[in-house]
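Student: sequence plus predicted model, see below.
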Amino acid sequence: MLCTSGTKVGKKLPLLLAAGSLALAGCVSSPTPENMARNTMQTAPADLQLACATAASTKFGADHASVLPVSSSALDGGKYQIILEAKGQRSTCLIDSTGQVLSLEKV
Amino acid sequence: MKPVSRFPYRTRLIAGISAAGVLLGSLVGISLAQVPKTQIYDTKTRTWIAYDSRKARKYYAANGQVPEAFRKQVVVFRTAEKPGTIIIDGNQHFLYLVKGAGQAVRYGIGVGRDGFGWAGIVRVGRIAEWPTWTPPAEMVARDPNAVKFAGGMPGGPDNPLGARALYLYEGDQDTIYRIHGTPEPWSIGLNVSSGCIRMNNDDIVDLASQIEVGAKVIVLMQGASLYKGV
C-alpha cells in the first residue's frame, strides 16, 4: 500500500520503515497507567497462580497450605503455565486469563 | 513525600545491612539465583524499558512518588484466600491485601535482590510501630559508626525499618524476614533488599492498621533462593 514502485523502494526504505513502525505502534494499545509495570519473565498474575494452587490441593488431596506456585510463564492466547510444588511433588497447571483451569497434571 | 536526602552514614548503614544479608545468606546456605527484573512502559517510545535504581531515583526526584503501578490501589483479585490474607508477588513487586468480594488492595513493594529472594507460606507473628533496628554483630565489628546502635537504633524516619514492621514467622519461629517501611521510598518496584519486603511508610502504616497477628502471608517469587513454611 505504501510502496507502489519497486525502483523507489531503496530510496524510500528508511521512510517506509519509519512509517511502518508508526503504523505498528498505532496498532498496539498501551497499557493503562496502573498496568505500566511488569517483569522480564512476564510471570502469571498472583491470583491465577493461587487459583492453580487451590485446584491442585483439591484434585490431588494435598493440604492447601502446602501447595506453592514456584514458576510461571505466559503462553499464546492469554494462557499461563504454572508449576506448583507440594512437599516435593511438582505439578503443572494450564490456566487462562479468566481463571479457568484448563489442565492440571502431576509432573 | 519528598525524596529522602542521602548522607554518608546512611549509605554505610545500607551497605552494612546488605553485607550482613550476604553473610546471613551464606550462613543459612542459600544460593544465588536470578529473579526477573522490573520493566516499566515508556509512553513516549511505546516500549517496555528496564526500571533500575538509577531510573527509580530519577523518577522519584521528578515526581515525588513512584510510578502509578506501584501506588496503593484497589484491584480485582479472585481468590479463595480469606480476607485479611497478605499475598506477595515478589516478581511483579506487588503486595495484595485480600478484602473479599473479588477485590484486594494492591501496594508496591521492594524485594530481595538476586540471591536473596524467597518464597513460602508464613504468618504475621508480631507487629511493631517505629521499630528498633539492631545492626548485626558483624556490622558493628566492621563499622565504627554502627557501634552506638549495637543495642538497637531507635525507631524514627532514618531507621531502615521505617514506620512499621510485620515480623514474619514460620510456626513459632521468627523467619528473620519482615514486611517493613523504608526511608528510601524510591526503591519500591526494585530488587534491592536482603530478603525483607519493603513498602513506603504510608503504605505500611495503612497495611498494619488492617491486619491482625496471625494473618497468613503467601510469598510468590519465581527464582527464589529459599522456601519457608512449605
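Tutor: Done, it's in. Residues are numbered from 1 along each chain as shown, chains lettered A, B, ... in the order given.
Student: got the contact list for the most centrally placed residue in chain A?
Tutor: Within chain A, one residue has its C-alpha closest to the average C-alpha position: by CA atoms, centre = their mean, that is A:A74, at 2.6 Å. Taking CB atoms under 8 Å, 6 or more residues apart in numbering or on different chains as the definition of contact, the neighbours of A:A74 are A:Q42, A:T43, A:A44, A:Y80. To be clear about C-beta, it is placed using only N, CA and C from the backbone, and glycine gets the same treatment.
Student: just those now: which is nearest chain B?
Tutor: For those, the closest approach to chain B (CB to the nearest CB) belongs to A:T43, at 4.5 Å.
Student: test my guess that that closest one contacts B:G90.
Tutor: No - assessed by CB atoms under 8 Å, A:T43 is found out of contact with B:G90, at 9.4 Å.
Student: low-confidence ranges in chain A?
Tutor: A:1-28 (pLDDT under 70).
Student: residues of it that sit close to chain B?
Tutor: If contact is defined as CB under 8 Å from any CB of the partner chain, the residues of chain A in contact with chain B are A:25, A:28, A:30-31, A:33-41, A:43, A:45-47, A:49-51, A:54, A:65-72, A:85-87, A:99.
Student: would you show me how to pick out the buried ones of those residues in ChimeraX?
Tutor: Remark: buried members of these, expressed as a ChimeraX selection using 16 or more other CB atoms under 10 Å in any protein chain shown:
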select /A:36,37,38,39,41,43,45,46,47,49,50,51,67,68,69,70,71,72,85,86
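Student: among the residues of chain A next to chain B, which lie within strands?
Tutor: By the criterion of DSSP state E, membership of the residues of chain A next to chain B in strands covers A:A37, A:R38, A:N39, A:V67, A:L68, A:P69, A:V70, A:S71, A:S72, A:E85, A:A86.
Student: what's the farthest-apart pair in those residues?
Tutor: For these, with distances taken as CB to CB, the pair at the greatest spread is A:A37 and A:A86 (30.1 Å).
Student: quick one, helices of chain A?
Tutor: Using DSSP state H, the helices of chain A run over A:9-27, A:46-60.
Student: same question for chain B.
Tutor: Under the criterion DSSP H, helices of chain B are mapped to B:8-28, B:53-63, B:137-142, B:201-208.
Student: worst mean pLDDT among the ones you listed?
Tutor: Between those, the one with the least mean pLDDT is helix B:8-28; it has a mean of 40.
Student: give the contact list for the closest residue to B:M221 other than its chain neighbours.
Tutor: Residue nearest to B:M221 in three dimensions, not counting chain neighbours: B:G90, with 3.6 Å by CB to CB, 6 or more residues apart in numbering or on different chains. Applying CB under 8 Å, 6+ apart to B:G90 gives the contacts B:V35, B:I109, B:V111, B:G112, B:G117, B:A119, B:I197, B:V219, B:L220, B:M221, B:A224.
Student: who touches the second one in this structure?
Tutor: Listed by CB under 8 Å, 6+ apart, the contact set of B:I109 reads B:F70, B:I88, B:G90, B:H93, B:F94, B:L95, B:I179, B:I188, B:G189, B:I197, B:R198, B:M199.
Student: rerun that using 10 Å as the cut-off
Tutor: Contacts were defined as CB atoms under 10 Å, 6 or more residues apart in numbering or on different chains; by that measure B:I109 touches B:70, B:88-90, B:92-95, B:179, B:182, B:187-190, B:193, B:196-200, B:203-204.
Student: start and end of stretch A:81-96, how far apart?
Tutor: Using CA to CA, to the nearest Å, the end-to-end distance of stretch A:81-96 comes to 9 Å.
Student: next, the angle from the longest strand anywhere in chain B to helix B:201-208.
Tutor: Longest strand in chain B by number of residues, with DSSP E as the criterion: strand B:118-129. Between strand B:118-129 and helix B:201-208, the angle formed by their directions is 90 degrees, by axes from the mean of the first three to the mean of the last three CA atoms, to 10 degrees.
Student: name every strand pairing with strand B:118-129 and say which way it goes.
Tutor: In the sheet containing strand B:118-129, the strands it pairs with under DSSP bridges are strand B:164-170 (antiparallel), strand B:216-220 (antiparallel), strand B:226-228 (parallel).
Student: among these, which is nearest B:K99?
Tutor: B:K99 sits nearest to strand B:216-220 of all those, at 14.3 Å, using CB to CB.
Student: could you tell me the angle between that closest one and helix A:46-60?
Tutor: Between the axes of strand B:216-220 and helix A:46-60, defined by the same axes, to 10 degrees, the angle is 100 degrees.
Student: and B:A80, how far from chain A?
Tutor: 5 Å (CB to the nearest CB, to the nearest Å).
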